[in-house]
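Chemist: Show me the folded form of this:
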Amino acid sequence: MPHGLVVLFAGLLGAVVGSFLNVCVYRLPLGQSVVRPRSRCPMCARPIPWYENVPVLSWLALRGRCRGCGGRISVQYPLVELATALIWIAAAARTDAAVEALRMGCFFTILLGIAATDARHHLIPDHFSVGGVAIGLILAAIPGGFPLGDAALGLGVGGALFLALKLVADYGFRKPALGAGDVLLMAMIGTFVGWRGVVQTLFLGSALGLVIGVPYLLVRGEPKLLGSYLPFGTFLALAAAITYLWGEPIIDWYVGTVMAM
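Modeler: Sure, this is the predicted structure:
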C-alpha cells in the first residue's frame, strides 16, 4: 500500500480513536462506563445517531449545538478528535515501521487523554495509566521495536521514583502533595521511554510546571500557591511527549553545551 494511503488511513483511524477518547475523558472521572449507554447529549440525554457522531464533521455541520435541545456542544470534542487524528498522521508519517507507529500513536493518545482529564477534572483515571502499561509492554514484546527489558525497567523506575518523591513531598508538606495517579502515570511513561526517559520527563515536567503553571496560578489570583491545585499530570504528559520525540538530542545538547561550560 502506498505510504500516502497509510498516512491517510492512520488519520481517519485517529479521528475515530479521538471520538472514543472524548467519551473516556467525560465519563471516566464520573465513574461511568465508556461502553454503555451509547453516546448522548449531556444536557437533554438525547441519544446521538451515528450520522451526528462523525468526528469533527458532525460538530461543524451542527454548528456546535445539539439538534435536540439546541444546547452548546463543547469545542473540546472536535479539538480532541482533530488532535488525535494529527497524532496518528504524524506517527504514520514519522516511520515506516508499523509497530513503532502504533506505539507512538497509542502513547500520544493516552497522554492527550491524561492531559485533558487532569486539566478539566483534576484527576488521572487509572484506566489510562494501567491500560497504557499493558499496551506498552505488549508492543515492546514484539521483536524489532523498543526492547521489552527497557520497557520493564522504565516501568519499575518510573513508579518507584515518583512514589519516593510523593512520600517525601507528603512528609514535607504534612499532607498529600502529589496524587497517587501521578505514580501510575510515571510508571506508564517509563514503559514507553525507558528509565532515562523517566528522569528526563520528571525534570522537564517540573520545569514546565514552574514556567507555565505557577504564572498561570498568579494570573488567576490564587492567594496561596502551595494550597492551589496544579495539574502536574498535564505537564508530565507534555514532557513525556517531548522526551519521546527529542529526548536524545536534548541530552546530547545538555551534555555538549551546558555541562561543557
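
Chemist: so how far is residue 60 from the nearest residue to residue 67 once chain neighbours are set aside?
Modeler: Closest residue to residue 67 apart from its sequence neighbours, by CB to CB, 6 or more residues apart in numbering: residue 52 at 6.4 Å. Just so you know, the C-beta spots here come from the backbone N, C-alpha and C atoms, and that holds for glycine as well. As defined by CB to CB, to the nearest Å, residue 52 lies at a distance of 12 Å from residue 60.

Chemist: ok, those two, which is more surrounded?
Modeler: Using other CB atoms under 10 Å, the more surrounded residue of residue 52 and residue 60 is residue 52, with 19 against 10.

Chemist: Do I have it right that that one meets residue 62?
Modeler: Yes: between residue 52 and residue 62 there is a contact at 6.7 Å, judged by CB atoms under 8 Å.

Chemist: show me what contacts residue 92?
Modeler: Applying CB atoms under 8 Å, 6 or more residues apart in numbering, we find residue 92 in contact with 6, 7, 9, 10, 11, 101, 105.

Chemist: Not counting its neighbours along the chain, what's nearest it?
Modeler: Closest to residue 92 by CB to CB, 6+ apart is residue 10, at 3.6 Å.

Chemist: element containing that neighbour?
Modeler: Element membership of residue 10 [criterion: DSSP states H and E] is helix 3-27.

Chemist: quick one, what contacts the residue nearest to residue 67?
Modeler: 58, 62, 67.

Chemist: Generate a ChimeraX selection restricted to the buried entries among those.
Modeler: In ChimeraX, this line selects whichever of these come out buried by 16 or more other CB atoms under 10 Å:
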select :58
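
Chemist: Just the closest of the contacts of residue 52 to residue 90, please.
Modeler: residue 58 (23.7 Å; CB to CB).

Chemist: The closest one is in contact with residue 49, isn't it?
Modeler: No: taking contacts as CB under 8 Å, residue 58 lies outside contact range of residue 49: 9.7 Å.

Chemist: Show the model's pLDDT score for the residue nearest to residue 67.
Modeler: For residue 52, the pLDDT comes out at 85.

Chemist: Roughly how far does it sit from residue 85?
Modeler: From residue 52 across to residue 85, the span is 19 Å (CB to CB).

Chemist: what does residue 152 give?
Modeler: Look at residue 152 and residue 85: by CB to CB, they are 31 Å apart.

Chemist: now do residue 72
Modeler: To residue 85, residue 72 is 23 Å away according to CB to CB.

Chemist: So for the two, which sits in the more crowded spot?
Modeler: For residue 72 and residue 85, the more surrounded residue by other CB under 10 Å is residue 85, and the numbers stand at 22 against 11.

Chemist: so the more buried one is in which element?
Modeler: Assigned by DSSP H and E, residue 85 belongs to helix 76-94.

Chemist: So for that helix, mean pLDDT?
Modeler: On average, the pLDDT along helix 76-94 is 95.

Chemist: Mind checking what helix or strand follows it in sequence?
Modeler: Using DSSP H and E, the next helix or strand after helix 76-94 towards the C-terminus is helix 98-121.

Chemist: That next one: which residues count as buried?
Modeler: Neighbour-count burial for helix 98-121 [16+ other CB under 10 Å]: 100-118.
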